[in-house]
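*Asks:* all I have is the shape, not the residue letters:
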């Protein structure tokens with residue numbers, strides 16, 4: 001349907017922004033005089049603001065619907081991209097990244113909410129994976145096409161072109177999406193905020209939270225920021241070669257998302273598929289930790305495997321949504337998205353600090369990246385261990401959360 005196509009376009013723009021720094025990071029680092037910790041924080045600024053903005057986004061989605069919320073927020077992304085294109089200092093680039101993160105904040109949550117309202121629960125993971133696979137075109141555009149464009153008109157000119165495209169997508173959302181203002185849109189702000197806070201009181205979700213924090217975070221630590229510097233530092237790759245390697249990883253992410261959604265649909269065991277995919281994603285991190293300097297092709301295939309098995313976020317959301325009352329899907333998904341994106345910001349900031357510490361300790365570049373890959377692999381392994389004790393999805397006695405007329409929180413849990 002037309003609405004899904006428009007939301008795919010918006011999601012593609014959001015994915016582009018999440019991974020664009022990996023391609024232009026070496027040039028950006030040289031021009032703005034960034035060290036590893038500053039680059040890590042610059043990359044995490046998008047995700048920090050993205051996570052914080054989930055609070056107003058969740059409220060807006062439940063009160064005004066996706067059409068107005070996504071279109072309005074994308075204006076911040078346009079402003080941030082234009083500011084980024086003229087940034088001549090680290091602080092200005094940091095502000096620009098934060099505005100872009102705010103602008104993209106409601107896109108994925110709004111898309112999932114739309115799917116949740118239009119399709120039955122059993123098809124949620126499959127349809128979500130399909131939309132993500134199509135939207136991954138944006139991730140692909142942030143690889144070789146961005147590298148070639150940056151070589152032709154510079155990274156600043158590239159950002160100005162992207163700002164124009166983002167504005168056009170925002171207009172498509174405003175004029176092309178149907179009105180989806182919820183029936184409970186007359187709720188007070190206090191009750192909405194209480195509804196968001198109460199999501200984290202659902203005990204069945206607690207063992208899922210570490211996986212929300214870690215799974216997407218370790219994937220984006222590679223795809224979103226450190227793959228570019230790693231390829232440049234270890235193999236002296238130029239922008240075209242970096243773009244080619246990242247394109248292969250992005251294709252693997254798109255195919256892997258669809259593959260995991262298909263497996264979930266066939267096996268009807270979301271938890272099993274999530275666990276298996278996470279453990280398979282740990283293997284290439286182990287390989288990179290043991291062999292941080294082999295060849296560009298070895299690194300590419302390791303990144304491909306991480307992309308193929310690492311993006312299990314739609315399945316995690318499918319698992320968790322069975323614990324949420326239907327009228328609080330918007331806020332529930334926003335809270336869980338905030339947790340996931342906060343994990344990305346945290347891991348990227350920590351990884352930047354770790355690499356800077358390795359440089360200060362006079363470790364060689366391969367040893368510095370060995371530390372990075374070890375940390376990311378152990379983080380995902382620990383989260384998988386905790387997740388393995390979570391409740392299986394689809395139980396008939398799923399907990400739900402509701403806000404009573406009195407304003408009190410009612411949480412049912414086993």
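*Replies:* Looks like it arrived, so ask away. Bear in mind the structure is a predicted one, so any value in this text is a computation, not a measurement.

*Asks:* going forward, measure contacts and count neighbours with C-alpha atoms only.
*Replies:* Noted.

*Asks:* neighbours of residue 86, how many?
*Replies:* 15 (other Cα atoms under 10 Å).

*Asks:* which residues does residue 84 contact?
*Replies:* If a contact means Cα atoms under 8 Å, 6 or more residues apart in numbering, then residue 84 has 92, 93, 96, 97, 156, 159 as its contacts.

*Asks:* and it, how far from residue 32?
*Replies:* Look at residue 84 and residue 32: by Cα to Cα, to the nearest Å, they are 12 Å apart.

*Asks:* swap in residue 360?
*Replies:* Remark: distance between residue 360 and residue 32 (Cα to Cα) = 20 Å.

*Asks:* between the two, who's got more neighbours?
*Replies:* residue 32 (15 against 9).

*Asks:* pretty sure that one contacts residue 91?
*Replies:* No - using Cα atoms under 8 Å, residue 32 makes no contact with residue 91, being 9.9 Å away.

*Asks:* how far is the helix or strand residue 373 falls within from where the chain is centred?
*Replies:* According to DSSP states H and E, residue 373 maps onto helix 365-387. The chain centre lies 18 Å from the centre of helix 365-387; the measure is Cα atoms, centre = their mean, to the nearest Å.

*Asks:* pLDDT (mean, whole number) over it?
*Replies:* Across helix 365-387, pLDDT averages out at 96.

*Asks:* what does that helix contact?
*Replies:* Under Cα under 8 Å, 6+ apart, the answer for helix 365-387 is 207-208, 210-211, 214-215, 218, 230, 233-234, 275, 278-279, 282-283, 285-286, 288-293, 351, 354-355, 358-359.

*Asks:* name the helix or strand for the closest residue to residue 280 other than its chain neighbours, please.
*Replies:* Using Cα to Cα, 6 or more residues apart in numbering and skipping the chain neighbours, the partner closest in space to residue 280 is residue 309 (6.4 Å). In the assignment (DSSP H and E), residue 309 maps to helix 296-310.

*Asks:* same check on residue 83?
*Replies:* Per DSSP H and E: residue 83 is located in helix 66-85.

*Asks:* what segments of the stretch 101-250 of the chain are helices?
*Replies:* 124-135, 137-141, 144-176, 189-199, 203-206, 209-220, 227-235, 239-267 (DSSP state H, counting those that start in this stretch).

*Asks:* least confident of those, on average?
*Replies:* When the helices of the stretch 101-250 of the chain are ranked by mean pLDDT, helix 189-199 comes last with a mean of 69.

*Asks:* what's the neighbour count on residue 339?
*Replies:* Neighbours around residue 339, by other Cα under 10 Å: 20.

*Asks:* which helices and strands sit right next to the helix or strand in which it is found?
*Replies:* Residue 339 belongs to helix 329-360 when elements are defined using DSSP H and E. Counting contacts by 3 or more Cα pairs under 8 Å, 6 or more residues apart in numbering; DSSP states H and E, helix 329-360 is packed against helix 36-52, helix 54-64, helix 90-118, helix 189-199, helix 209-220, helix 313-321, helix 365-387.
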